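1. next one to model:
(chains A and B)
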Amino acid sequence: MSSKLSLSRLLAAVVVAGLLLFARSTVAAPAALAYEAVLPAELASDPDLCKHVPCGSVIPGADRFSLRKGRPPYVEAFASEGDRERLVGYVFLSTDIVDIPAYSGKPIVTLIGMDTKGVITGVRVLKHSEPILLLGIPEEKLVAFVNQYLGKVVGSKIEVGKGHDSEEVIGLDAISGATVTVIAENQVIMRSAMIVARQVGIMKPPERPPVQYTDVPPLADWEAMRKEGAVQRLTVRSEDVGVAPVPGKPYIDIWFGYLNAPTIGKAVLGEQNYRRLMDELKPGEHAIFLIADGIESFKGSGFVRGGIFDRIQVAQELDTYTFRDLDYQNLYSVKVPGVPYYRESSIFIIRDAGFAPAYPWNLVFLANKLDKATGNREFVNFTREFWLPDRYLVGGRPHYERPLAAWEKVWRARALEIAAFALLLIAAGVVYALRDRLVRAATHKDKTPVSAPKYALWGFSIAFAGFYLMAQPSITQVLTWFHSVLFKWEWELFLSDPFIFLFWWFIIITVFFWGRGMFCGWLCPYGALTEMSHKIAGYLGLKRFQRQLPAKVHDKLKWTKYWIFVGLLCVSFYSMSLAEVLAEIEPFKTTFLVGVWNRSWPFVVFWLVIFAACLIVERFFCKYLCPLGAALAIPSTFRWWGLKRKNECGPCTACQSGCESIAIDDGGRIDQRECMLCLDCMVLYYDEHACPPLAKERKQRTRAGQPLTAIAGNGYYIPLVQVPATPAKEEAFVPTAPIAAARAEGFLARVYGEIKDHLLPWNRQVFKQPLFLQAAGIALAVLVTWVWLLGAAGKLGPGVILGWWLAWSAYEVITRMSCKPFVKDGPWWDNNFRPASWADMVAYVGFKNLLIGAGFMLFLKAVGALAFLHGIPELRWLY
Amino acid sequence: MDTKKTEVQAATPEDQGRRKFLNSAAVTGLAGAGLSLGLTACNKEAPAPAAGGAAPAAAAPAPKAAAHGKHDVAPGQLDDYYAFSSGGHSGDVRIYGYPSGRQLKKIPVFNTDCMIGWGVTNESKAIIGTKPNGQLKYTTGDTHHVHMSYKDGIYDGKWIFVNDKIHGRIARVRMDTMECDKITELPNIMGFHGIFPDKRDPVDQAINHTTRVFCGAEFHIPLPNDGRDLTDPTKYGCLFSCVDAATMEVRWQCRVDGNMDLVATSYDGKLAAANQYNTEGGAVYAEMMSSEHDACLFFNVERIEAAVKAGKFVTIGSSKVPVVDGTKKNNADPKTALVCYVPVPKNPHGVNISPDGKYYVCSGKLSPTASVIAHEKVLKWFAGELKEAREAVVGEPEIGLGPLHTGFDNKGNAYTTLFLDSQIVKWNVEAAIKAFGGDKNAKVVIDRIDVHYQPGHGFTSMGETKEPDGKYFISDNKFSKDRLLPVGPLHAETAQLIDISGEKMVLVHEHTTVPEPHDSIIVRRDIVKTRQVYDLAEFPHGIKSLDESRVERKGNKVTIHLGSQAPQFGLLEWKVKKGDEVTIILTNLDKVEDLTHGFAIPKYDINFIVSPQETKSVTFIADKPGVYWCYCTHFCHALHLEMRSRMLVEA
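-> Below is the predicted model of the structure:
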């Protein structure tokens, strides 16, 4: 086995290394790329913005630039006219103004120029981290995209996608395959420009009718106010900002509310102080109050130096209101019964007529998050919405349409396509679920009942899912999932591409139902493309060149894809970006997302080689290289419903020889990890002329003049003699002898048995091992537990967690192979086991431990045990 | 626990003995030798220091230790109360935070202050008053009592008023900036001591806020005091003054028999009261103590103002202020009388009105009693329904030796400082009235607590309003002796915070005061609302931006318009000629809270500060040629030391 593995491993290493070199060279080639460009550190803080970035390039004609001014900051651009100079416009840096992450989760740092009338004069992307633009889509496309803004007036309704073009909406050409990126960038440009335009007076904040408050009598206590939404709570936990928690105290726990509304104001301040505060406020000024407890302060000390409170803001749609020291007042007491304990209390005044108290607004707490692994600090915002209760407003809450999240916009904009795609997926599922009928209708000679729907699905998949929707799943998504499961789950990330999102739900479900063949063999656009091309090529006369690799070679080479997958996974823990570069081993991007004609020659050559190989060897890429297939193959080990087999399948090699996936071994067993579910063997299974045992019986019966009864589910004619009291269920034959596991009856006993079986790799067998091995096993178990505790306490980086996961899994695989050398076969709720091969065991242990680890972490988090663990001083000595 | 108790009990008699010794020593010190005659009342009561009877002070040497944490103000937390305190002959007003006792500010009023530039800047000089040559008229002052303006019987956070006993001036401090904005000199009086704003208009009850301030005068002087009658004290007189709170003009004065010490005002605005210790009109203290009874005076504000309106007044000397006659001789008929003289035991000190507005408590000082005078009865006297003014006294409990000032809680109890006993006594006003009516079972004195030492004024939180909260009592003590680290012969004084929320008084802590506070008020923090920065628009002569900094010359008058913005002044240098009259107008253009700049000119004796958005000016003759580095004296910026400019005086 070792020689078998090493061959494939070597191949994988060569492939990966080659790609790495190749990727490096192509990345390094063009100089002006903005991908992960290194920007000067002072850029964020230096008052002289234009010292660091080419301000002149976004506002033609300007030759002098002011220092950063205003809040949020912008720069004034001047042009000399003789000895005088004239203000010609403004330049601003997007990250100074808005915090909108793009697909990568990081912002696109953009420099924007705008003239004094609010016309955009220039847009320049200084830095982005979008992986798709690294290798997939040429960056010039992004440049072309942002250039569409030139000449557009700030405040226009500009949306991505030509489909939106109408009288009030200007449509922009999107970049195919980078929808999320351009939607984010559109928001970045439009919002930044709007905020600066408002600040410099080009645009007026939206006028809203003055608010009239009802004078509902104040509520009885704090709880009643909370229930009504008269006060809101914003809690930030220590874990959210990466600091050591203090037991029983959150990082900060803020309660807040809007004081101008008399019902709230009088309750909180008391009649007299409310009157006085209202008398003090000028028209268009608004008071809010904050009370807080916790280990941190919402005031901080920033306002001492600069006069500005740098930890809290109020945000309403595009507007952000910051508070100066002069907007702060002492809040001496909160007169509501049952008010929570607080350490800090303040009144803040919003001095801006643009603030609309009748509409929702957000309190924003700005924190500095420390990434323990890297020691880097990043800014994170925590927000909590406040909307005055309906009955506090004369006429109730005004109609308000919330701006949609980027992902939501995509879902709405493409609702029709999403429905069509969902239909395609459902159709595929239904077709496969009805396979028994199809294969019975088909014969070895005429497989049309199976091929027709399959080819139709292929067609849709290639044209619609692949080329039109560009919804080709990729190994990068698996890597992202993997990281998300282990570290942080963000729905938005996955929702941002609806087709991929739906595709993945389909994949997850079908992999566990039937195995990965449902996706790989029936719906993968690239797989379908290559197999279709293979078939067409054969039809066009290449048939004589087409062949399979000898089974012996195949059995060695098939492991290559697994090693590629493992390699990518490991690299991803080192650098996700690098893993994404290496994922170019998938020709998917070149095929569907970008187009072969759009790529540089090395990609074209690679793509051609792979494609040519696929024309000769059916699904060459799928069989030997595809890391996505490998990733899906691992859980396929546990597909619940397999294909049917007969007693005779062992010695009989009829299907084996016809199996294009070379997935049937000499014992007649189907390797579900390799099987593409082409159903050829199932057609044979029911074909009384092609399936040797069935044909034999047919001949016998014909010879004996017996009637040919219908073929039962077990693949044989229904017996002529009625066997009394046969089980109602037709037991299909399983070629691998199942292990009869004696199991306790009763629900609890079964659950206990399951838990014991999955968690403990040992049984009595372990004591038959040498003492040294036993000791080593115990030591490893102790070590792993300890490291696990550290990991749970957040004291270990992801690398180490992954390390122990791998180490433990390796130990468990070996232990199980000597103690419990079997894995479950079929649905998990049944009790069928089969003897495990090493591959089975690796797949089982690896996948199971991933689920257990993620599930356990989530459980601990949910019940608050993680916070508890973090806070135990007795554990501190451990780290 | 038990042993401790025994120790405490054992210590008590000894302690009382010590106090007795102290008492007589202090009385001697106070009364002087050979004046035992005047002290008969004292001597009679001396063997019974626990005059209140059944409740002896549970006086352990170490005061009952409070659960201190409850009264602690943690770092970063704010005090619950402001206390505004007079500075005595320091001439200033101080602000403390309570319960911490942290001093927050000293407001220069009658004194000068080289940090702020009070007495240096043109603006402050105009308020303090100058001689024709531009120098300050007075540089000394003696503040005794600070009182805040009222609205609806509660402090309104608008102004505080304070007296200057030395020069007979009244000053007003505006509460939004906590700076003195007006000083008025009262004519024809000397020894201006008691001061109290009224709470309501006596006629128009809709005006339920302060419009007048009443001022008592202690010292008899010739009227006018222009050199006449120097040696004939019988011709001396004392005037009670009424000052308009808004304009700070003197509205009227009222001549009385005897003198006036402390002042109180009723909640309905009808009466102003002043205790009197020199009914005799004596010139030396032996004469002042000759009569068995002195008096508490009640001024009928409505009648006095009607008299002024009717032209029944005189003016004295060059003063235009109408003076009405409140002497006994001319006020014989209560129905027309302007002033009611209620006899109280000799040489009283302090008059305070209870929060319910019903009673005045006038302390005995040389008598161990406090006289409880019913407001209603005094009004009846003015209506002619009482035979004798003394009938207005409805209670006169014996509470201890040397009672001076009384504060009130929200449960009908009074807290009186006992100067000689060095105690605070807690007594019940209604019980005192019952006892006076003959109820032998009335338990008047509830508790006593030692303070250290010799309390002067004492005051309760919000006790001078109709919303007392009964939380704290502060005893401002006149002697500290061994209580503090010695700092030379002049000691700091102690102020002691007492928790009065329970049945027993508990000493919470003590802090120091620099000599010598007299009276204070304790004001709930939410009542006071100060400004954070000034408003540029209030200073028309200031500049609006640093670019406007400039030098203007008219003849030999040079005006420097200067801005300050951390860390620079608007001009790096300016030139003047020797002999020029230079006016520097400095505007602080920073708009950040707490970013104050200072401005000092070496050798020209100039230093002052400008708070954010504030403008101030100084004028001086440039009589010394040379280079003078004008620099910022108030730390403002990391480059504070670099913040300077040069005044070049050409020879």
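
2. flag every buried residue along stretch A:387-403.
-> Residues of stretch A:387-403 classed as buried: A:387-389, A:392-393 (neighbour count, 16 or more other C-beta atoms under 10 Å in any protein chain shown). Every residue, glycine included, has its C-beta placed from N, CA and C.

3. for stretch B:621-635, same thing?
-> The neighbour-count check on stretch B:621-635 (16+ other C-beta under 10 Å) flags B:622, B:628, B:630-634 as buried.

4. in strands, which of these appear?
-> Judged by DSSP state E, strands contain the following of the buried residues of stretch B:621-635: B:628, B:630-631.

5. could I get those residues as JSON lines with distance to chain A and pLDDT?
-> As requested, these are arranged in JSON lines below (distance: C-beta to the nearest C-beta, whole Å; pLDDT from 0 to 100):
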{"residue": "B:628", "distance to chain A": "32", "pLDDT": "97"}
{"residue": "B:630", "distance to chain A": "26", "pLDDT": "97"}
{"residue": "B:631", "distance to chain A": "22", "pLDDT": "97"}
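
6. and the helix or strand residue B:213 falls within, how far out from the chain middle?
-> Using DSSP states H and E, residue B:213 sits within strand B:212-219. Relative to the mean C-alpha coordinate of its chain, strand B:212-219 is positioned 12 Å out (C-alpha atoms, centre = their mean, to the nearest Å).

7. go on, stretch A:255-272?
-> For stretch A:255-272, the distance between its averaged C-alpha position and the chain's averaged C-alpha position is 43 Å (C-alpha atoms, centre = their mean).

8. can I get the CA coordinates of that stretch in PDB?
-> Taking Å, rounded to 0.1, in the frame of the first residue of the first chain, the C-alpha atoms of stretch A:255-272 are listed here in PDB:
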ATOM      1  CA  TRP A 255     -28.600  50.400  27.500                       C
ATOM      2  CA  PHE A 256     -29.700  53.400  25.500                       C
ATOM      3  CA  GLY A 257     -32.700  55.300  24.400                       C
ATOM      4  CA  TYR A 258     -34.000  58.500  22.700                       C
ATOM      5  CA  LEU A 259     -34.800  61.200  25.200                       C
ATOM      6  CA  ASN A 260     -36.700  63.800  23.200                       C
ATOM      7  CA  ALA A 261     -39.700  61.500  23.200                       C
ATOM      8  CA  PRO A 262     -41.500  62.600  26.400                       C
ATOM      9  CA  THR A 263     -42.500  59.200  27.400                       C
ATOM     10  CA  ILE A 264     -38.900  58.100  27.500                       C
ATOM     11  CA  GLY A 265     -37.400  61.400  28.500                       C
ATOM     12  CA  LYS A 266     -39.600  62.000  31.500                       C
ATOM     13  CA  ALA A 267     -39.300  58.400  32.700                       C
ATOM     14  CA  VAL A 268     -35.500  58.500  32.600                       C
ATOM     15  CA  LEU A 269     -34.800  62.100  33.600                       C
ATOM     16  CA  GLY A 270     -37.800  63.000  35.700                       C
ATOM     17  CA  GLU A 271     -40.200  65.700  34.600                       C
ATOM     18  CA  GLN A 272     -38.100  68.700  35.700                       C
END
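
9. counting neighbours, which bits of that stretch end up buried?
-> Going by 16+ other C-beta under 10 Å, stretch A:255-272 has these buried residues: A:255-270.

10. do the same with stretch A:77-86
-> In terms of neighbour count (16+ other C-beta under 10 Å), stretch A:77-86 has its buried residues at A:77-79.

11. quick one: which of those is nearest residue A:582?
-> residue A:77 (43.5 Å; C-beta to C-beta).

12. neighbouring strands - and their directions - for the helix or strand where that closest one lies?
-> When elements are assigned from DSSP H and E, residue A:77 belongs to strand A:75-81. The pairing partners recorded for strand A:75-81 under DSSP bridges are strand A:64-65 (antiparallel), strand A:84-93 (antiparallel).

13. where do the helices sit along chain B?
-> B:2-31, B:40-45, B:122-128, B:285-288, B:301-309, B:375-382, B:429-436 (DSSP state H).

14. what's the pLDDT at the residue positioned nearest the centre of chain A?
-> In chain A, the centroid-proximal residue (C-alpha atoms, centre = their mean) is residue A:494; its distance is 3.8 Å. Residue A:494 is assigned 74 on the pLDDT scale.

15. what's the least confident helix or strand in the chain, going by average pLDDT?
-> Defaulting to chain A. Comparing every helix and strand of chain A by mean pLDDT, DSSP states H and E singles out helix A:2-28 as the least confident one, with a mean of 55.

16. oops, wrong one, chain B.
-> Scanning chain B with mean pLDDT, DSSP H and E, the lowest is helix B:40-45, at a mean of 38.

17. can I get stretch B:377-386 as PDB, trimmed to CA atoms?
-> These are the backbone C-alpha positions of stretch B:377-386, laid out as PDB (Å, rounded to 0.1, in the frame of the first residue of the first chain):
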ATOM      1  CA  LYS B 377     -47.600  83.800  64.900                       C
ATOM      2  CA  VAL B 378     -45.400  86.600  63.600                       C
ATOM      3  CA  LEU B 379     -47.800  87.200  60.800                       C
ATOM      4  CA  LYS B 380     -50.500  87.400  63.500                       C
ATOM      5  CA  TRP B 381     -48.500  89.900  65.400                       C
ATOM      6  CA  PHE B 382     -48.400  92.100  62.300                       C
ATOM      7  CA  ALA B 383     -52.100  91.700  62.100                       C
ATOM      8  CA  GLY B 384     -52.400  92.900  65.600                       C
ATOM      9  CA  GLU B 385     -53.700  89.600  66.900                       C
ATOM     10  CA  LEU B 386     -50.900  89.000  69.400                       C
END
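
18. and the average pLDDT for it is what?
-> Confidence for stretch B:377-386, expressed as mean pLDDT, is 96.

19. quickly find the element holding the closest residue to residue A:34 other than its chain neighbours.
-> Nearest-residue entry for residue A:34: residue A:125, 4.9 Å, with adjacent residues in sequence omitted and distances by C-beta to C-beta, 6 or more residues apart in numbering or on different chains. Residue A:125 is part of strand A:120-127, with elements assigned from DSSP H and E.

20. give the pairing partners of that strand; include direction for each.
-> Here, using DSSP bridges, strand A:120-127 pairs with strand A:109-115 (antiparallel).

21. CA atoms only: put the strand it pairs with into PDB for me.
-> Backbone C-alpha positions of strand A:109-115 (Å, rounded to 0.1, in the frame of the first residue of the first chain) are rendered in PDB as follows:
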ATOM      1  CA  VAL A 109      -9.500  50.700  -0.600                       C
ATOM      2  CA  THR A 110     -10.600  53.300  -3.100                       C
ATOM      3  CA  LEU A 111      -9.500  56.900  -3.800                       C
ATOM      4  CA  ILE A 112     -12.300  59.000  -5.100                       C
ATOM      5  CA  GLY A 113     -12.400  62.500  -6.600                       C
ATOM      6  CA  MET A 114     -15.400  64.700  -6.900                       C
ATOM      7  CA  ASP A 115     -15.700  68.200  -8.200                       C
END
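
22. would you mind measuring from residue A:302 to chain B?
-> Here residue A:302 is placed at a distance of 12 Å from chain B (C-beta to the nearest C-beta, to the nearest Å).
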